[in-house]
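Colleague: need a 3D model of the sequence below.
(one chain, ligands or ions: 3)
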Amino acid sequence: MKRILVTGGSGFLGSHLCAKLLNAGNEVVCVDNLFTGRKSNIYHLLGNPRFEFLRHDITWPLYVEVDEIYNLASPASPIHYQFDPVQTTKTSVLGAINMLGLAKRLKIKILQASTSEVYGDPLVHPQTEEYKGNVNPIGPRACYDEGKRCAETLFFDYHRQHKVDIRIMRIFNTYGPNMHPDDGRVVSNFIIQALKGDPITIYGAGSQTRSFCYVDDLLEGMVRLMNNEVGFVGPVNIGNPNEFTILELAELVLELTNSSSSLIFKPLPQDDPLQRQPDISLAKEKLNWQPTIQLKEGLAKTIAYFEKELSTQFIEKH
Ligand code: NAD
Ligand code: UDP
Ligand code: UDP
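Modeller: Ligands and ions are numbered 1, 2, ... in the order given. Here you go, the predicted model:
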């Protein structure tokens, strides 16, 4: 049994990770400032004597005694990371420094939740880990993209300079239960709009693409990366390579919810990537990992979750 720190542990991915690590018999220390996360995501874990929640902002130092760190703290939805862009960069950069300082002091392994956004609006398709990206350093997405790029730099420099044992995964669009109803990302927006009978908001013409991974698949890749015995550090793409246009996603959500919502077209946000698809050859080779849950099946599970959320009206911010 290990004591494992999960930052961002009350968010969408973090809450599933805490549950998975507890189920495997570990102790979990969940650290979160509840900016986009919710206590309701971890209520069911609070009674477990191996689970501990600390309300804390990782831009500040943290002194705890743990055996391993998963660093997931950061808003991930464009509307939330652009709400306070300076704080977003601080979370990525100062947060990485603090968590790497902790890992260095304790001589423990630390995994960084990086992102496909390090590739920006990619000119290479699908994206391999060698691609260095096309990021606008002064645009509205830069606080997130450049923050995450700098965090990767810090991880590699702590690795080279201080011999910290690191892991870096580049996460592609992931969806599933525990997403906040106000998250603002495309899958939760479309499902909630369809269930309420509200118009589906398509940004731009809907011809831009994304490749959507179900949360359980993603977490399996994350834990394999952390636990791999060969010392493979990454960066490694983890995502589902099946690519869809946003219009195709809208049509699928309408079909699966039996909704008659109309489509409305809104302006495409600045710097919104036109296409995105992970090349997952490296994950297959090094981690023997590939996704198993396809979009229809994953959407059905996510729709069931939001139906329950909306029926109980339990839409809590903190
Ligand atoms: P989320 O917004 O649901 O969760 C992020 C969590 O981090 C929230 O609980 C939030 O309160 C917490 N947080 C934010 N700033 C913090 C700070 N300064 N100190 C402590 N806690 C803080 O998002 P998510 O989808 O679960 O994303 C988790 C991680 O995975 C993020 O680092 C994100 O960048 C990365 N990621 C996610 C996706 C995806 O598709 N879900 C894609 C790429 C990368
Ligand atoms: N730090 C932390 N917890 C620890 C050890 C370090 O939060 O257990 C933070 C501390 O704020 C420090 C940062 O991590 O500034 C980087 O640590 P490092 O040892 O690399 O830098 P230094 O302390 O030498 O500035
Ligand atoms: N999008 C959309 N309608 C929405 C929310 C998002 O058309 O209500 C589009 C958005 O412009 C982008 C894609 O869906 O092209 C994915 O957006 P999301 O915010 O989920 O993630 P990211 O852009 O970070 O991949």
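Colleague: once you drop chain neighbours, what's closest to the most far-flung residue of the chain relative to its centre?
Modeller: Residue farthest from the centre of the chain, counting by CA atoms, centre = their mean, is S260 at 30.3 Å. Sequence neighbours aside, G197 is the residue nearest to S260 in space, at 7.0 Å (criterion: CB to CB, 6 or more residues apart in numbering). C-beta: built from backbone N, CA, C; applies to glycine.
Colleague: what of I264?
Modeller: Counting by CB to CB, 6+ apart, the residue nearest I264 is P199, at 4.2 Å.
Colleague: same check, this time on D183
Modeller: S77 (5.1 Å).
Colleague: isn't that neighbour up against P181?
Modeller: No - contact criterion CB atoms under 8 Å: S77 and P181 do not qualify, at 11.8 Å.
Colleague: give me the contacts around stretch 30-43.
Modeller: Stretch 30-43 is contacted by residues 5-12, 14-15, 18, 45, 51-58, 62, 73, 75-77, 80, 87, 178, 180, 183, 314, 316-318 when judged by CB atoms under 8 Å, 6 or more residues apart in numbering.
Colleague: out of these, who's near ligand 3?
Modeller: Filtering those for neighbours of ligand 3 using CB under 6 Å from any ligand atom leaves S77.
Colleague: among the contacts of stretch 30-43, which lie within strands?
Modeller: Counting by DSSP state E, these place 5-7, 51-55 in strands.
Colleague: what's the neighbour count on the residue of the stretch 1-150 of the chain found nearest ligand 3?
Modeller: Residue nearest to ligand 3 within the stretch 1-150 of the chain: P78 (4.8 Å; CB to the nearest ligand atom). Number of residues near P78 (other CB atoms under 10 Å) recorded here: 18.
Colleague: and it, what does it touch?
Modeller: 141, 144, 184-185, 269.
Colleague: those residues in helices, which ones?
Modeller: The helices, defined by DSSP state H, take in Y144 from the contacts of P78.
Colleague: mind checking which of the contacts of P78 are buried?
Modeller: Buried subset of these (neighbour count, 16 or more other CB atoms under 10 Å): 141, 144, 184-185.
Colleague: which one of these is nearest to S92?
Modeller: Using CB to CB, Y144 is the member of the buried ones among the contacts of P78 that lies nearest S92, at 7.5 Å.
Colleague: for that closest one, which non-adjacent residue is spatially closest?
Modeller: With CB to CB, 6+ apart, the residue lying closest to Y144 is Y81, at 4.4 Å.
Colleague: S207 should be in a strand, yeah?
Modeller: No - counting by DSSP: H, G, I helix; E, B strand; the rest coil, S207 is not found in a strand; it is coil.
Colleague: ok now the helix or strand where M169 lies, how far from the chain's centre?
Modeller: Using DSSP states H and E, the element containing M169 is strand 166-171. Chain-centre distance of strand 166-171: 11 Å, with CA atoms, centre = their mean, to the nearest Å.
Colleague: can I get it in PDB? Just the C-alpha atoms.
Modeller: Written as PDB, here are the backbone C-alpha positions of strand 166-171 (Å, rounded to 0.1, in the frame of the first residue of the first chain):
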ATOM      1  CA  ILE A 166       9.000  11.900 -13.700                       C
ATOM      2  CA  ARG A 167       6.200  10.700 -16.000                       C
ATOM      3  CA  ILE A 168       4.400  13.000 -18.500                       C
ATOM      4  CA  MET A 169       1.200  12.100 -20.300                       C
ATOM      5  CA  ARG A 170      -0.400  14.300 -23.000                       C
ATOM      6  CA  ILE A 171      -4.100  13.900 -22.500                       C
END
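Colleague: just use 55 as the starting number from now, easier for me
Modeller: Sure thing, new numbering starts at 55, so read that last one as strand 220-225.
Colleague: elements contacting it?
Modeller: If contacts are counted by 3 or more CB pairs under 8 Å, 6 or more residues apart in numbering; DSSP states H and E, strand 220-225 sits against strand 163-169, helix 196-216, helix 269-281, strand 290-292.
Colleague: quickly check: the following helix or strand past the last one near ligand 3 or not.
Modeller: Spelled out, it's strand 290-292. Downstream of strand 290-292, the next assigned helix or strand under DSSP H and E is strand 297-299. No - applying CB under 6 Å from any ligand atom, one finds strand 297-299 separated from ligand 3 by no less than 9.5 Å.
Colleague: give me the sheet partners of strand 297-299 and which way each runs.
Modeller: strand 263-265 (antiparallel) (DSSP bridges).
Colleague: quick one: contacts of the strand it pairs with?
Modeller: Counting by CB under 8 Å, 6+ apart, residues outside strand 263-265 touching it are 226-227, 240, 293-300, 303, 328-332.
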